[in-house]
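> Take a look and give me a structure for this.
(2 chains)
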Amino acid sequence: MRKILITTAFIFSLFAAPVMAQDSSLLSMLNDSLSSHPTSDVVSGTFKATQIINTPTVEAPAKKTLQFLIMHRFGELSDGAYELFGLDNAEIRFGLDYGISDHLSIGVGRSSLDKTYDANFKLKLLRQTTGKIPVSVSLYELLSYTTAPRTSDKPFLTPRFRTAYTSQLLIARKFSSKLSLQLSPSLIHFNMVPTAKDKNDVFAMGIGGRMKVTKRMSINAEYNYLPGDQVVSSKVYKSLSFGMDIETGGHVFQLIFTNSRGMIGPYYLAKTTGTWADGNIYFGFNISRAFNFKRKE
Amino acid sequence: MKTLTWVFLLTIFSGSVYSQTFITRNGYIGFFSKTPLEDIKAENRQVYAVIDVGKKNLAFTCLVKGFLFQKQLMQEHFNENYIESDKYPKADFLGAYTGDVTTNKDGTYPVQIKGKLTLHGVTQNIDVPATIEVKGGKLIGTSNFKLTPGDFNITIPALVREKIEKQIDVRVLVECNPK
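Numbering: from 1, shown residues only, chains lettered A, B, ... in the order given. Just a heads-up that it's a prediction; the model follows:
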């Protein structure tokens, strides 16, 4: 009898370890350890594209990435059926942007409006980091040069007078995976303005953002407030634009409605002559394609 | 009767006496996809792992944001569109292995690992082969297996389907020290 008992007990002892269930305390121990070693993450994907609609975003092409960007605006919706609601006319800007490092990108562009060339750079000054830095900040500088032919009333249009500078400080925060907002104080310096009453230095304040509706789509809006008494010789309005981002792999496709015809700083910030109220609305799109030049390992 | 008592005591304590845990905070998990159009490689070197040799249990956990890609855009898409790391920040595994591992002697032991893998908020049972190597008092666990993104509710849009393999190669390497 005793022998049987011992044997039974022995068999039990053999099985004691294996019959134990999977020990979830192991996982909770790991998770405790994980949360006691917090990592600070740089927030990525504040915006999908390098521009909200016209205003540049804090995002720039990554190191060794070349971005080809086509910005396109049809004519005014108010042109009516004869002009097929603006589709007969279009303004376009081609741009190439290249990431020199993860913090600096340079670009060139050419707009059909006034046959304007531009050169620009975007410098990432701060990157939103969880628990450390609340916002991402980038500096965007754009030099634009208008090559539209001299007109008889402006025979003095030398290269110097054809140049304008736009500086924008882009301050953005990704509030959640869906919502990102950006403030963009902007300063434009025109080497030449139409009349003496117009200011050479024009300040504008941009606000914009995006709200994701699906993982790969978002609704965007931007408004650029231009305080009065700066541009007086022509009637200008504040730029208000709405758009939708659609992202497919290396492309971002943006569909746009805006009252600004131009797509670079001096134009949409200080030369927006259309107004939503009168139907001066331009339909358009931005398409970007990223090419990667990183060597494979 | 004395013997019986001893045997009983042994039964009760067998778990704890035999229990020996090995742990790491910088394990490695990598995943790979190779198609003619695109090679994808992502690596996470901050994987937490624990192996309990006594109970033959093991657990892994990591932050999915810790997966680093060669292309920044890919990493962004991985976090934003596929794995949704803001919503599901962690991936973890809890399971047990079959096969004997003797910790007091160097050697390599093939084992079979069964357990629950949680990824993208979805838990799936997996059953994969692995090896546990005992070397100088450390345990080195390795495993290579394949996972299907669809099993974890990760949908791949038609437009990029040709660029991502149907099954993703996963490699695990953990070097655990005694706790």
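> For B:Tyr109, give the beta-bridge partners.
On DSSP bridges, the residues paired with B:Tyr109 through beta bridges are B:Ile132.
> try A:Arg110
With DSSP bridges as the rule, A:Arg110 is bridged to A:Phe94, A:Tyr117.
> Quick check: the gap between it and A:Ile70.
11 Å (CB to CB, to the nearest Å). Quick note: C-beta positions are derived from backbone N, CA and C, even for glycine.
> Out of those two, name the residue with the larger neighbour count.
Set side by side, A:Arg110 and A:Ile70 show more neighbours around A:Arg110, with 16 against 13, by other CB atoms under 10 Å in any protein chain shown.
> Could you pull up the contacting residues of B:Thr102?
B:Thr102 sits next to B:Tyr109, B:Val134 when contact means CB atoms under 8 Å, 6 or more residues apart in numbering or on different chains.
> Which helix or which strand is home to it?
B:Thr102 belongs to no helix or strand when assigned by DSSP states H and E.
> where does it land on pLDDT?
Looking at B:Thr102, its pLDDT stands at 87.
> what about it, distance to A:Val236?
B:Thr102 is 82 Å from A:Val236, by CB to CB.
> With B:Val47 instead?
57 Å.
> Neighbour count: these two, which is higher?
B:Val47 (25 against 19).
> Skipping adjacent residues, who's closest to the residue nearest to the spatial centre of chain B in space?
When CA atoms, centre = their mean is applied to chain B, the residue found nearest the centroid is B:Phe60 (5.2 Å). With CB to CB, 6 or more residues apart in numbering or on different chains as the criterion, B:Phe60 has its nearest non-adjacent residue at 4.3 Å, and that residue is B:Phe93.
> ok, that neighbour - how many residues close by?
For B:Phe93, using other CB under 10 Å, the count is 23.
> Next, give phi and psi for it.
phi -140, psi 140 (degrees, to the nearest 10).
> so it bridges to which residues?
B:Phe60, B:Leu117.
> I'd say it and B:Gln124 touch.
No - judged on CB atoms under 8 Å, B:Phe93 makes no contact with B:Gln124 at a distance of 10.1 Å.
> Spit out the residues that contact the two alike.
Residues touching both B:Phe93 and B:Gln124 (CB under 8 Å, 6+ apart): B:Lys116, B:Leu117.
> So for stretch A:249-258, what gets flagged as buried?
Using 16 or more other CB atoms under 10 Å in any protein chain shown as the test for burial, stretch A:249-258 gives A:Gly249, A:Gly250, A:Val252, A:Phe253, A:Gln254, A:Ile256, A:Phe257, A:Thr258.
> what's in contact with it?
Outside stretch A:249-258, the residues that reach it (CB under 8 Å, 6+ apart) are A:48-49, A:51, A:53-54, A:73, A:220, A:239-247, A:268, A:281-292, B:73, B:77, B:159-160, B:163.
> Put the alpha carbons of it into CSV.
Extracted as CSV, the C-alpha positions of stretch A:249-258 are listed here (Å, rounded to 0.1, in the frame of the first residue of the first chain):
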residue,chain,number,x,y,z
GLY,A,249,2.1,54.1,-51.2
GLY,A,250,4.7,56.7,-52.4
HIS,A,251,2.1,59.1,-53.8
VAL,A,252,0.0,61.7,-52.0
PHE,A,253,-2.9,63.0,-54.1
GLN,A,254,-4.6,66.2,-52.9
LEU,A,255,-7.9,67.5,-54.2
ILE,A,256,-8.3,71.2,-53.6
PHE,A,257,-10.8,74.0,-53.6
THR,A,258,-9.2,77.4,-53.0
